[in-house]
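A.B. asks: With the sequence up front, the predicted model follows.
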Amino acid sequence: MLAAENGKAPHPLKEKVFHWSLVATWLSASADVTTSLIADGKPRMVESDLIIGKRFGARGIALEFGSRGILEAVEILVLRRHPGAVRYFSAGNAGLSIASSAAAVNNARLLMRSTAPEK
C-alpha cells in the first residue's frame, strides 16, 4: 500500500495473483500425488510416467514436489531481476495447475472405474 502511495509499483513477489498461482500449483500437485498414492497397488493400475516407473511411491512424491520447489525457487530468483515477468510466471503456474488437476481427475476417474462392481 505504501509503495502505491509513493508512486512506485509494488514488488512483483507481493502481488496476490502470483501468490495464488503458487498456492494453486501446490494444491494441484497434492491432489495428483494423493490420487496416485490411492491408486497405487490396485489391480490394472500402473503409473504412466516413465520417469517415476510403474509404481508410485517415495520416488514419485519426491519428483513431484521437488520439481515444483525447484521451479518456484527459479521463478522467485528470476522475478527479483525481472519484475515485469510476473504475469508470464502466473500464467505458467496456472497452466501447470490445470495440467496437474487434470491428471488428478483422470486418476480418480480410473480409480472409480477399476473399483466399480462388475455387472
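C.D. replies: Happy to help now that I have it. Predicted, not measured: the structure shown is a model, and the values here were computed from it.

A.B. asks: need the strands for the chain, in chain order.
C.D. replies: For the chain, strands defined by DSSP state E do not occur.

A.B. asks: Off-centre distance for the longest helix anywhere in it?
C.D. replies: For the chain, the helix with the greatest residue count under DSSP state H is helix 86-115. Centroid separation for helix 86-115 versus its chain: 7 Å, with CA atoms, centre = their mean, to the nearest Å.

A.B. asks: count of neighbours near the closest residue in space to Ala24 that isn't next to it in sequence?
C.D. replies: Closest residue to Ala24 apart from its sequence neighbours, by CB to CB, 6 or more residues apart in numbering: Ser97 at 4.1 Å. In this view, the C-beta of every residue, glycine as well, is placed from N, C-alpha and C. Residues lying near Ser97 (other CB atoms under 10 Å) number 21.

A.B. asks: For Ser97, give me its contacts.
C.D. replies: Contacts for Ser97 (CB atoms under 8 Å, 6 or more residues apart in numbering) come out as 21, 24-25, 27-28.

A.B. asks: Hmm, Phe56 and Leu37 touching each other?
C.D. replies: Yes. Under the criterion of CB atoms under 8 Å, Leu37 makes contact with Phe56 at 6.3 Å.

A.B. asks: Leaving out the residues flanking it, which one is nearest to Glu75?
C.D. replies: For Glu75, the nearest residue in space outside its immediate sequence neighbours is Phe89; the separation is 4.9 Å by CB to CB, 6+ apart.

A.B. asks: Tell me how many other residues crowd the one you found.
C.D. replies: Residues contacting Phe89 under the criterion other CB under 10 Å number 22.

A.B. asks: OK, contacts around it?
C.D. replies: 18, 21, 75, 78-79.

A.B. asks: Using CSV, lay out those together with pLDDT, distance to Ala85 and neighbour count.
C.D. replies: Shown next, in CSV, are the contacts of Phe89 (pLDDT from 0 to 100; distance: CB to CB, whole Å; neighbours: other CB atoms under 10 Å):
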residue, pLDDT, distance to Ala85, neighbour count
Phe18, 84, 10, 19
Ser21, 89, 13, 22
Glu75, 91, 9, 22
Val78, 91, 6, 14
Leu79, 89, 6, 19
